[in-house]
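**Q** Show me how the following folds:
(2 chains)
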2 protein chains.
Amino acid sequence: MAKPDLIAIDWGTTRLRAWLVGEDGAIVDTNAADDGIMHVAPGGFPETLRRHVGAWMAAFPAAPVVMAGMVGSRNGWVEAPYVPCPTDVAGLASTLARVDIGNGRTASIVPGLSYRDPSGSPDVVRGEETKLAGCGLSDGTVVMPGTHCKWARLEAGRIAGFTTFMTGEIFGALKDHTILGRLAEEPADDAGFARGLAAARRPGGLTHQLFSTRSSVLLGDMTGREVLPFLSGLLIATEVDNGLALCSPDAEIVVVAEGHYAAAYAAALLDRGRAHRILAPDTVFVAGLRAIAAAAARHA
Amino acid sequence: MAKPDLIAIDWGTTRLRAWLVGEDGAIVDTNAADDGIMHVAPGGFPETLRRHVGAWMAAFPAAPVVMAGMVGSRNGWVEAPYVPCPTDVAGLASTLARVDIGNGRTASIVPGLSYRDPSGSPDVVRGEETKLAGCGLSDGTVVMPGTHCKWARLEAGRIAGFTTFMTGEIFGALKDHTILGRLAEEPADDAGFARGLAAARRPGGLTHQLFSTRSSVLLGDMTGREVLPFLSGLLIATEVDNGLALCSPDAEIVVVAEGHYAAAYAAALLDRGRAHRILAPDTVFVAGLRAIAAAAARHA
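**A** Residues are numbered from 1 along each chain as shown, chains lettered A, B, ... in the order given. From the prediction side, this is the model:
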């Protein structure tokens, strides 16, 4: 077994996940818990970290501890900066935030990214910069679905810019807090998803097509079981159409997702005639922290 | 004083409002209460109606009682049909639903409208058909802001079609149930509204520009006090841009609104270079019921 030389941590709003990584990149051990930053009391970050990875830290005192995600946000352990795009792995590695974890040891927190598009509209990410560092793509577009889906453009090994779409959170708000969600019936009928993909091409824009859900059910065009898949397809296709408009027509497309997200974005991209590769989020996250840690070691 | 010859009722989800109308169209008396259809027990519609307009009915036994709004929906007194577009005042008047209100008297409920656009996407309205009948426009576009904003196209005195935008309900869901609402601070700074109008023109589409609210606050570009006016401006301008794309470039535009809605839509339309007239909702509603009642009397 390769000797462990990295303790990698994805510390988000609701979850903490940790990987003990060998010098060849293999995963030696893993750990996960519902100890996201929203569950950590003020001043409680060092103790929470030790509870989850203290044994690894003791066993491998030379292994760097590198964290990414909302742990570096204003509500996290310490606010790590946003590095402006364009930047690259070296740019991230030279801007790591440091926190004291006892016994003269420090842990690093990867900074987020900021970007201002040509129209002046700003954007931010935190956590996805690490996936970008680990996806092994030099040129192309990386799609990272989630509550706030990120589309990043890579050019000659650099992160040129990115665009966030609130697809996941808007779906949740529509489902739980509007008249549309009240039309929905279980179990879901996936035929609604393809209908949603088609609806995104129709005139009137998103806020009209959303209402067409209600009109369709009232007029007997759609069943309640199709409603949630329809909303999902409509929102994802709207995002995909807007995202594709921002990248070159022949850009290679990589989707970092698994399970339901991977299937839904793959279907939407194929519906729009776009081939793509799908990479597993955990794999690219650990590879990204590894690349950033290696660049930081060279930089030090 | 002109002799009253119409009892006009706007019976919506949350409110019941009634007007006693003179033969010259003047308002003789009014009445309003929180007795919308969601507050009426099963079978309770006749009694609720009598409580509010029973005195008028007794005093003017020949005056027709005409209602419009959600009272004609599936959850109302009786389900009035949707009349397909294109149609006109005569089409509405010939499709009135009738309900027994005692003593051999009936009341009428105005039907809603349905429409299927050239792409096949369906739409429905209930209540706004009455405003369209009362706005005195033969050709042009009528904008009726609200929870579900309606844009209707009139051609040669007929209602050719319409498009619903969920602007108001989506604003509420974003404000009360997403991360964007949690960024908002009081008192509101109206400078955010003009910034929202501008943001709707930027690349990436609505679900990206919504997230730019958060990025702007995190990067110090926007204050919390600008957040809600920004969201309002962004959503209304998105609707106005999509609505204008569906009507001819020289269409006369009439906005049926008052107060905050009237000011917001006027600002958005002027920002897009479109002159318009603003009409008061109650005035056009009563005029519409009067026109429909007159057409029904000719029809009978």
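
**Q** Number of residues surrounding residue A:179?
**A** Other residues near residue A:179 come to 15 when the count uses other C-beta atoms under 10 Å in any protein chain shown. The way it works is simple: take the backbone N, C-alpha and C, and place the C-beta from them, glycine included.

**Q** contacting residues around it?
**A** The neighbours of residue A:179, taking C-beta atoms under 8 Å, 6 or more residues apart in numbering or on different chains as the test, are A:214, B:169.

**Q** ditto for residue A:137
**A** For residue A:137, the residues meeting the contact criterion (C-beta under 8 Å, 6+ apart) are A:154, A:252, A:254.

**Q** same thing but at 10 Å, please
**A** Contacts for residue A:137 (C-beta atoms under 10 Å, 6 or more residues apart in numbering or on different chains) come out as A:152, A:154, A:157, A:252-254, A:277, A:279, A:284.

**Q** Over to residue A:53?
**A** Residue A:53 touches A:7-9, A:16, A:18-20, A:29, A:31, A:60, A:63, A:65, A:67, A:101, A:107, counting by C-beta under 10 Å, 6+ apart.

**Q** hey, where'd the helices end up in chain A?
**A** Taking DSSP state H as the test, the helices found in chain A are A:45-59, A:89-93, A:128-134, A:167-177, A:179-182, A:191-199, A:206-218, A:227-245, A:259-271, A:281-299.

**Q** Tabulate those (JSON lines), appending mean pLDDT.
**A** Converted to JSON lines, the helices of chain A look like this (pLDDT from 0 to 100):
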{"stretch": "helix A:45-59", "mean pLDDT": "97"}
{"stretch": "helix A:89-93", "mean pLDDT": "97"}
{"stretch": "helix A:128-134", "mean pLDDT": "98"}
{"stretch": "helix A:167-177", "mean pLDDT": "97"}
{"stretch": "helix A:179-182", "mean pLDDT": "96"}
{"stretch": "helix A:191-199", "mean pLDDT": "98"}
{"stretch": "helix A:206-218", "mean pLDDT": "97"}
{"stretch": "helix A:227-245", "mean pLDDT": "98"}
{"stretch": "helix A:259-271", "mean pLDDT": "98"}
{"stretch": "helix A:281-299", "mean pLDDT": "96"}
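
**Q** could you dump these to TSV with distance to residue B:240?
**A** As requested, these are arranged in TSV below (distance: least, C-beta to C-beta, whole Å):
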stretch	distance to residue B:240
helix A:45-59	47
helix A:89-93	41
helix A:128-134	33
helix A:167-177	20
helix A:179-182	22
helix A:191-199	21
helix A:206-218	11
helix A:227-245	18
helix A:259-271	28
helix A:281-299	39
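
**Q** Pick the most deeply packed of those.
**A** Of all the helices of chain A, helix A:128-134 has the most neighbours on average by mean count of other C-beta atoms under 10 Å in any protein chain shown, namely a mean of 26.

**Q** How far does that one sit from its chain's centre?
**A** The chain centroid and the centroid of helix A:128-134 are separated by 9 Å, computed with C-alpha atoms, centre = their mean, to the nearest Å.

**Q** quick one: contacts for the closest residue to residue A:240 other than its chain neighbours?
**A** Closest residue to residue A:240 in three dimensions, ignoring its sequence neighbours and counting by C-beta to C-beta, 6 or more residues apart in numbering or on different chains: residue A:268, at 4.6 Å. The contact partners of residue A:268, taken as C-beta under 10 Å, 6+ apart, are A:143, A:193-194, A:196-197, A:200, A:232-233, A:235-241, A:243-244, A:255, A:274.
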